[in-house]
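structural data only, the sequence is not supplied:
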């Protein structure tokens, strides 16, 4: 055995925590090894946020072009150059990825190592490099940012047919004739609406009673209504029993509304969730504990049960969002480099589902608030009552805010509407600043903007 190469820190995975952490440590004088299995940037840049939202932008243009006559604009026949859509996506991804890799490689004290990492002890890691050789690294401080991958359900026949996941669907060379999607979460809905806008027939199969199971029922029902308006077939309470291939198509046999039904599609997307990449890391060699699903257990300082080993980002479970992974990095930086005591305790978790109109969310839902037996007031305003939404003819959805009746503090917000993510951030800043809802009710916002809807939202609540 060769003597392990000694580092002060080892980072496994160059996601949205690992990448900035490597450069921060390197600039602070820590000799750091950043190990990456495939591409710098993690899921977000390569198979998640960046490519999907780039393609969603193309879908949005197709949607507006199809509606051009609503605005008094005549266009010719609309067609989709899917090769160009894909190439635009690839170009943006390559730009982001190459920029990140270049910054890492230019940072002093940082070695970027491409290969598959696995623990061989509490502070030693073996890397099988792409050329087949192995090298051993050791450090007293190790950070795991190895992320997640698409989960596969145990359905009879699934592994006998060709199916897509969140990454492979974006590499298709043409628009599917009929895309069948298993799963009614963020990934399934974004791709479902996107490919419908590109001209595919789309069927979403959801085993639960509603789409977006973590959202309030009224939000989920409105999202379902919007998708159906766009021509997406949505099947709820539909349990998939078997999948098989037949004459170049994929047959999905399911139980729906008390009867057996078969859906025939040209392509199948599996979008039922994510599972952690912890099973590739040989965590038992280091004694690192996980939960029953394989997510690494951490405390509020992101420490595992093994001294000097931390887990960041999606692999630790919890909110699986890029901005949370980046905030994990900030917690580590604050504690190890700035001698602070940052934690994950009570941090707000905003997120956006990039359907159109967007669903922006922050704080707790009405369902969660009522389960806590809070004394609530609920503010709700349809986008059809928002002047700016009317002017641009984008009136689908509504705004909903949950307010503590005793303190007037905003507890949570859902904005299902045009630029819902941007409008949600206005509420989030008020929540961070502990402003009462009255500050938004009485605030002066430029007219005509979406933000001025905050005046009417809370004024209407007081009239209830």
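Good, I have the coordinates. Predicted, not measured: the structure shown is a model, and the values here were computed from it. Numbering: from 1, shown residues only.

contacts, neighbours, all on C-alpha from now
Fine.

is it correct that residue 7 is in contact with residue 136?
No - counting by Cα atoms under 8 Å, residue 7 does not reach residue 136; the two are 10.8 Å apart.

do you know the pLDDT at residue 1?
Looking at residue 1, its pLDDT is 53.

residues in contact with the nearest residue to residue 135 once chain neighbours are set aside?
The spatially closest residue to residue 135, leaving aside those adjacent along the chain, is residue 127, at 5.4 Å (Cα to Cα, 6 or more residues apart in numbering). Contacts for residue 127 (Cα atoms under 8 Å, 6 or more residues apart in numbering) come out as 35, 115, 116, 117, 118, 134, 135, 136, 137.

and residue 434, by the same measure?
Neighbours of residue 434 in contact, by Cα under 8 Å, 6+ apart: residue 409.

doesn't it belong to a helix?
No - note on residue 434: no helix contains this position according to DSSP: H, G, I helix; E, B strand; the rest coil, which reports coil.

any chance of the contacts of residue 127 in TSV, with pLDDT and neighbour count too?
Below are the contacts of residue 127 laid out as TSV (pLDDT from 0 to 100; neighbours: other Cα atoms under 10 Å):
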residue	pLDDT	neighbour count
35	98	26
115	97	22
116	97	20
117	98	26
118	98	21
134	95	14
135	95	17
136	97	19
137	98	20
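
from those, which land in strands?
Judged by DSSP state E, these include 35, 115, 116, 117, 118, 134, 135, 136, 137 as members of strands.

dump those into a markdown table; add distance to residue 422 as well.
Rendered in a markdown table, the data for the ones in strands among the contacts of residue 127 read as follows (distance: Cα to Cα, whole Å):
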| residue | distance to residue 422 |
| --- | --- |
| 35 | 35 |
| 115 | 38 |
| 116 | 38 |
| 117 | 38 |
| 118 | 40 |
| 134 | 47 |
| 135 | 46 |
| 136 | 46 |
| 137 | 44 |
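
closest one of those residues to residue 405?
Nearest to residue 405 among the ones in strands among the contacts of residue 127, counting by Cα to Cα, is residue 35 at 49.9 Å.

bridging residues for that closest one?
The residues listed as beta-bridge partners of residue 35 by DSSP bridges are residue 12, residue 113.

same question for the lengthiest helix in the chain, mean pLDDT?
When the chain is parsed with DSSP state H, its longest helix is helix 82-106. pLDDT averaged over helix 82-106 equals 97, rounded to a whole number.

tell me what it is packed against?
Other helices and strands packing on helix 82-106, by 3 or more Cα pairs under 8 Å, 6 or more residues apart in numbering; DSSP states H and E, are helix 18-27, helix 42-46, helix 49-66, strand 110-121.

list the buried ones in the helix or strand hosting residue 325?
For residue 325, the enclosing helix or strand under DSSP states H and E is helix 322-337. For helix 322-337, a neighbour-count test (16 or more other Cα atoms under 10 Å) marks 322, 323, 324, 325, 326, 327, 328, 329, 330, 331, 332, 333 as buried.

quick check, nearest of those to residue 201?
Within the buried residues of helix 322-337, distances to residue 201 taken as Cα to Cα reach their minimum at residue 322, with 30.5 Å.

residues contacting the closest one?
When the contact criterion is Cα under 8 Å, 6+ apart, the partners of residue 322 are 16, 44, 313.

any idea of the pLDDT on the last one?
Among the per-residue scores, residue 313 holds a pLDDT of 97.

how about the residue nearest the centre of the chain, phi and psi?
The central residue of the chain, meaning the one whose C-alpha is nearest the mean C-alpha position (Cα atoms, centre = their mean), is residue 321 at 4.9 Å. Per-residue torsions, residue 321: phi -130, psi 150 (degrees, to the nearest 10).

check contacts around the nearest residue to residue 170 once chain neighbours are set aside.
Beyond its immediate neighbours in the sequence, the residue positioned closest to residue 170 (Cα to Cα, 6+ apart) is residue 86, lying 7.0 Å away. Contacts for residue 86 (Cα under 8 Å, 6+ apart) come out as 55, 170, 171, 173.

please indicate which of those are buried?
Members of the contacts of residue 86 classed as buried by 16+ other Cα under 10 Å are 55, 170.

adding secondary structure, distance to residue 238 and pLDDT, write the contacts of residue 86 out as JSON lines.
Shown next, in JSON lines, are the contacts of residue 86 (DSSP: H, G, I helix; E, B strand; the rest coil; distance: Cα to Cα, whole Å; pLDDT from 0 to 100):
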{"residue": "55", "secondary structure": "helix", "distance to residue 238": "28", "pLDDT": "98"}
{"residue": "170", "secondary structure": "helix", "distance to residue 238": "26", "pLDDT": "98"}
{"residue": "171", "secondary structure": "helix", "distance to residue 238": "28", "pLDDT": "97"}
{"residue": "173", "secondary structure": "coil", "distance to residue 238": "30", "pLDDT": "95"}
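
out of the contacts of residue 86, which comes closest to residue 450?
Among the contacts of residue 86, and counting by Cα to Cα, the member closest to residue 450 is residue 55, at 24.8 Å.

is it true that the closest one touches residue 89?
Yes - at 6.4 Å, residue 55 and residue 89 qualify as touching, with contact defined as Cα under 8 Å.

does residue 63 really touch residue 196, like I thought?
No - counting by Cα under 8 Å, residue 196 is not a contact partner of residue 63; they are 9.6 Å apart.
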